[in-house]
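J.: sequence plus predicted model, see below.
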Amino acid sequence: MGPGDVKTVLPPAVEEAPPPLGPRRGSHPLRFRRQTTRRARPTRKVCPKAPCARIHGRGRCGFMETRPGRVATGGNGQASVDKESLYRHRCRATLVLMSVHERLTRREFVRTCLGVGVWAVACRSRAAESASRPMPPVALFDKVCVQAGLSLEETADLVASSGADGVDCAVRPRDRIEPERVREDLPRYAELLRARGKRVWLLTTAILSPESPHAREVLETARGLGVKYYRVGFLRKDPDQPTESQLRWVRERLRALAAWNRELGMCALLQNHSPAGSSQYLGGDLREMLALVEGFPPDTVAVAFDPGHALLVHGDEWRDHFERLRSHVGVVYVKDTDRKRRFVPFGEGEFGRMRLFPRLREQGYAAPFSLHIEFDWVGSGQRTRERLEQAVRESLQVLRRWWETG
């Protein structure tokens, strides 16, 4: 190259950057591509059976709302829904994702996750709070102590050593305390229990009206000892009379008892009892029980709800009947039941699967439980106090486990 020649310098070659990896703008699976379809009008109805939405909107529920820009018309199988849509079911804050291929904006995704998380934490905290509530007192129905031949003092010793909180005292003919001796024997019994840190929580009587024999002595004595609840006598059905007329007859007597209870500050209880042999009982069918107690203030006339008998009469439908009776339930009688074997040792039947205790905790149940030992606790042995005490203690352990675990 000569001195006069000009050297041409070229800039270094610049390689083009490769196209960015990943989807282009608007094609990311989590990004929402705005629909061009019309905007659906959210419904304002509330579904009575939640959650009842079905995937892709093919359910029977018409009570859904859509997000802006998405189309859905729910109800009676006439839904016309985009398969990529998100629906918020307006029942009990239930969130239903209608497709696994859902496309959301980042903001929608975060909002949804936060909402579900807060809802789950709230549910867990409510469940923990209800499960931590102390168990109501447990009163042993002392009819079983009479069957074992125990005296009042021996019964008080058994209650204290077994871990029960007191007794449901049977004040009726040929039972724990005879009605004509209630003024003498019931205070003595209460004192024996009080000396051992226990008390009389409930009474089981044969009273059907204020005119029943010794009714005034029984209730006035019980109220003086701090007893609030007493069960009335059995309401046996007459097969030759219409059920409606028998229900009216009972309600007339309950009306008089309710007025009397208001003065005493007590509450009469009606137990739902399943048929036994040839005997049929009014109120064993919970529809009849509702007809008996409906209209009475629950602090004067209420139900001694026996889930074991309810299971024998209604099967799995007992829950629906309980919901109708819920506001009228005063006391709960506890025994374990098998539909084929009737009454069985605690833990061998179906009570633990009935999920009654969570319902009671929800409504703030605080009345005593009446513990009924109606299974064969003797076996091939003798009716001894030691054997009965073991049966009561083991039943209480199972009962408390049910309360803790629901």
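T.: Arrived safely, thanks for sending. Residues are numbered from 1 along each chain as shown.
J.: now residue 142: phi and psi?
T.: For residue 142, the backbone dihedrals (degrees, to the nearest 10) come out as phi -80, psi 10.
J.: how deep is it tucked in, by neighbour count?
T.: 28 (other Cβ atoms under 10 Å). All C-beta atoms are positioned from the backbone trio N, CA, C, and that covers glycine.
J.: kindly report the same for residue 197.
T.: 10.
J.: ok, now residue 313?
T.: Counted by other Cβ under 10 Å, the residues lying close to residue 313 total 19.
J.: could you check how far it is from residue 283?
T.: 10 Å (Cβ to Cβ, to the nearest Å).
J.: okay, and the common contacts of these two?
T.: residue 272 (Cβ atoms under 8 Å, 6 or more residues apart in numbering).
J.: which ones are touching residue 269?
T.: Neighbours of residue 269 in contact, by Cβ under 8 Å, 6+ apart: 229-232, 302-304, 330-331.
J.: which SSE is it in?
T.: strand 267-271 (DSSP states H and E).
J.: which other residues reach whichever helix or strand comes after that strand?
T.: The helix or strand immediately downstream of strand 267-271 is helix 286-293, counting by DSSP H and E. The contact list for helix 286-293, computed with Cβ under 8 Å, 6+ apart, reads 243, 247, 250-251, 254, 270, 272, 282-283, 301-303, 310, 313-314, 318, 321-322, 324-325, 328.
J.: burial count for the closest residue to residue 327 other than its chain neighbours?
T.: Leaving aside its sequence neighbours, residue 327 sits nearest to residue 298 (Cβ to Cβ, 6 or more residues apart in numbering; 6.4 Å). If you count neighbours by other Cβ under 10 Å, residue 298 ends up with 13.
J.: helix, strand, or coil at residue 298?
T.: When classified by DSSP: H, G, I helix; E, B strand; the rest coil, residue 298 comes out as coil.
J.: which residues touch it?
T.: 267, 327-330 are the contacts of residue 298 under Cβ under 8 Å, 6+ apart.
J.: select only the buried ones of those residues in PyMOL?
T.: For the buried members of those, the matching PyMOL selection, counting by 16 or more other Cβ atoms under 10 Å, is:
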select buried, resi 267+328+329+330
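J.: and the furthest pair within the contacts of residue 298?
T.: 267 and 327 (13.7 Å; Cβ to Cβ).
J.: which residues of this protein score low on pLDDT?
T.: Applying pLDDT under 70 to the chain flags the ranges 1-132.
J.: re earlier: out of the contacts of helix 286-293, which sit inside strands?
T.: In strands, defined here by DSSP state E, the members of the contacts of helix 286-293 are 270, 301-303.
J.: in stretch 237-256, what counts as buried?
T.: 237, 246-247, 250-251, 253-254.
J.: now these as a markdown table including distance to residue 179?
T.: Rendered in a markdown table, the data for those read as follows (distance: Cβ to Cβ, whole Å):
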| residue | distance to residue 179 |
| --- | --- |
| 237 | 24 |
| 246 | 25 |
| 247 | 26 |
| 250 | 21 |
| 251 | 24 |
| 253 | 17 |
| 254 | 20 |
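J.: now the end-to-end length of stretch 190-203.
T.: Counting by Cα to Cα, to the nearest Å, the length from the leading to the trailing residue of stretch 190-203 is 12 Å.
J.: returning to what we had before: and which of the ones in strands among the contacts of helix 286-293 is nearest to residue 147?
T.: So of the ones in strands among the contacts of helix 286-293, ranked by how close each gets to residue 147 (Cβ to Cβ), first place is residue 270, at 24.0 Å.
J.: what residues are bridge-paired with that closest one?
T.: residue 303 (DSSP bridges).
J.: how far away is it from residue 231?
T.: Going from residue 270 to residue 231 by Cβ to Cβ gives 8 Å.
J.: quickly list what's touching both of these two.
T.: Shared contacts of residue 270 and residue 231, counting by Cβ under 8 Å, 6+ apart, come down to residue 304.
J.: count the neighbours of residue 150 for me.
T.: Residue 150, neighbours per other Cβ under 10 Å, totals 19.
J.: I meant to write residue 136 there.
T.: With other Cβ under 10 Å as criterion, residue 136 counts 17.
J.: for the one 10 residues further on, same thing?
T.: Residue neighbour count, defined by other Cβ under 10 Å, stands at 15 for residue 146.
J.: same question, residue 271
T.: Residue 271, neighbours per other Cβ under 10 Å, totals 21.
J.: what are the ranges of the strands in the stretch 101-250 of the chain?
T.: Listed in chain order, the strands of the stretch 101-250 of the chain (DSSP state E, counting those that start in this stretch) span 138-141, 166-171, 199-205, 229-231.
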